[in-house]
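[1] Let's see this in three dimensions:
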Amino acid sequence: MKHISFRFAICVSALLATTSFGAHAQSASASSATSAFPATSQAYQREPFQITLVSPLGMNGLHAGRTVNTVSLNLLAGYAAGVKGVELGGLLNVDLDSVQGLQAAGLGNLVGGPAQGAQLAGLTNITVGSVQGAQVAGLLNYQGSAPHVAATTQVAGLANVTPGKIQGVQVAGLLNVARTVKGLQLAPVNIADSVAGASIGILSLVRHGYHRAEVWTSEALTTNAAYKMGASHQFYNIIAVGAQPFGDKFRWGLGYGFGTEIAPTNRLTLSVDVLSFQVNEKKGWTKQLNLLNQLRPMLGWRLSPTGRTTLLVGPTLNVMVSTYRTSESSPYGSRLGGRHLELFNETHGRTNTRAWLGLNAGLRF
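    Numbers count the residues shown, from 1 in each chain. This is a model prediction of the structure:
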């Protein structure tokens, strides 16, 4: 019977907290437009200390939603108007209005308005208003938009989401999303409308960022095309495809890389790209390791001072690392590139490593 009563109390408490939070989050977010942290301007009562098992089973009882606490200890899940100090939760902290100080929970922190200070959670931090300070979560950080953008650091195991502006840093294990970024995005995938700073990852999709197409020819893969994308010319990602349709046999490659570009004058550019192609020795996919790694410093000349079309030329350092061989009796390694200006050619075990210098020329659009 005690177990049934305890479970019933948890369900009722969670329902009360969720209903109140959902009903007031929108009004709290709207009031934050005129006051950065509105909790002090509301008719809330202040308590120096409170302890709760699961709201409303705590010292503030049914008045928890109208109370701002200085020190709040929630053994399982707690609910309050706000915190100006420290809030610790075994599972969940829910605050209707705003938080100033430190907020930490085993699972999550939910705030209906802005937050200032640090939010730490095992799974997720969700703040309807802006965050000034830091959000650190094992899974997800979310902060809403606000008219006044404060410095924010978001660190998450999976994703950071900011539908408005963020000034600061987003670091995630998988994904960063923001409308406008002033600072740094660092994750495998970054999505933004515009970035003033850097967006570094495997794939950075910035609507008003750096977008270029490029075609070139070289002694290795004779026909190549690439798409470059990123927040700016300072750092961009490259997706490329290349082919050797002529010669001793057909080869093609799928590549990925990154690079940077500077423009000393209106028409002169200098870019440095690092690319890695998996080279396929026939029309299908070659399962063995067959990587063509390239360092490409490229000198460019814009056809017009304000245009994008640029003539490109530059040397290439090629390093081929391969475990491919045509038959059981043949040596390891691809014959791509022939023996042009070969620097070394060594085989250790089943891996052949070969390096040579080359030349490439092309166009950037």
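[2] can you give me the helices for the protein?
    Using DSSP state H, the helices of the chain run over 2-31.
[3] in it, which ranges drop under the pLDDT threshold?
    1-42, 146-148 (pLDDT under 70).
[4] CA atoms only for the longest strand anywhere in it - export them in PDB, please.
    Secondary structure of the chain per DSSP state E: the longest strand is strand 67-89. Output of strand 67-89 as PDB, limited to C-alpha atoms (Å, rounded to 0.1, in the frame of the first residue of the first chain):
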ATOM      1  CA  THR A  67       8.500  30.900  -4.400                       C
ATOM      2  CA  VAL A  68      12.000  32.000  -5.300                       C
ATOM      3  CA  ASN A  69      14.600  30.000  -3.400                       C
ATOM      4  CA  THR A  70      18.200  30.800  -2.500                       C
ATOM      5  CA  VAL A  71      19.200  27.200  -1.800                       C
ATOM      6  CA  SER A  72      17.000  24.500  -3.200                       C
ATOM      7  CA  LEU A  73      17.500  20.800  -2.700                       C
ATOM      8  CA  ASN A  74      15.200  18.400  -4.700                       C
ATOM      9  CA  LEU A  75      15.800  14.800  -3.800                       C
ATOM     10  CA  LEU A  76      13.900  13.600  -6.800                       C
ATOM     11  CA  ALA A  77      12.000  16.400  -8.700                       C
ATOM     12  CA  GLY A  78      11.300  19.900  -7.600                       C
ATOM     13  CA  TYR A  79       9.300  22.800  -8.800                       C
ATOM     14  CA  ALA A  80       9.700  26.600  -8.100                       C
ATOM     15  CA  ALA A  81       9.100  30.000  -9.400                       C
ATOM     16  CA  GLY A  82      12.800  30.500  -9.600                       C
ATOM     17  CA  VAL A  83      16.200  30.300  -8.000                       C
ATOM     18  CA  LYS A  84      18.700  32.900  -7.000                       C
ATOM     19  CA  GLY A  85      21.600  30.900  -5.700                       C
ATOM     20  CA  VAL A  86      21.900  27.100  -5.900                       C
ATOM     21  CA  GLU A  87      19.500  24.400  -7.000                       C
ATOM     22  CA  LEU A  88      20.400  20.700  -6.900                       C
ATOM     23  CA  GLY A  89      18.100  17.900  -8.100                       C
END
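[5] For that strand, name the packing helices and strands.
    helix 2-31, strand 45-54, strand 92-105 (3 or more C-beta pairs under 8 Å, 6 or more residues apart in numbering; DSSP states H and E). Where you see a C-beta, it was placed from the backbone N, CA and C, and this is true even at glycine.
[6] Buried ones in the last one, by neighbour count?
    With burial defined by 16 or more other C-beta atoms under 10 Å, the residues of strand 92-105 counted as buried are 92-101, 103-105.
[7] In a markdown table, list those residues along with distance to Ile238.
    Below are those laid out as a markdown table (distance: C-beta to C-beta, whole Å):
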| residue | distance to Ile238 |
| --- | --- |
| Leu92 | 44 |
| Asn93 | 44 |
| Val94 | 45 |
| Asp95 | 45 |
| Leu96 | 48 |
| Asp97 | 47 |
| Ser98 | 44 |
| Val99 | 42 |
| Gln100 | 45 |
| Gly101 | 45 |
| Gln103 | 41 |
| Ala104 | 41 |
| Ala105 | 41 |
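[8] And those residues, which is closest to Gly164?
    Ser98 (17.1 Å; C-beta to C-beta).
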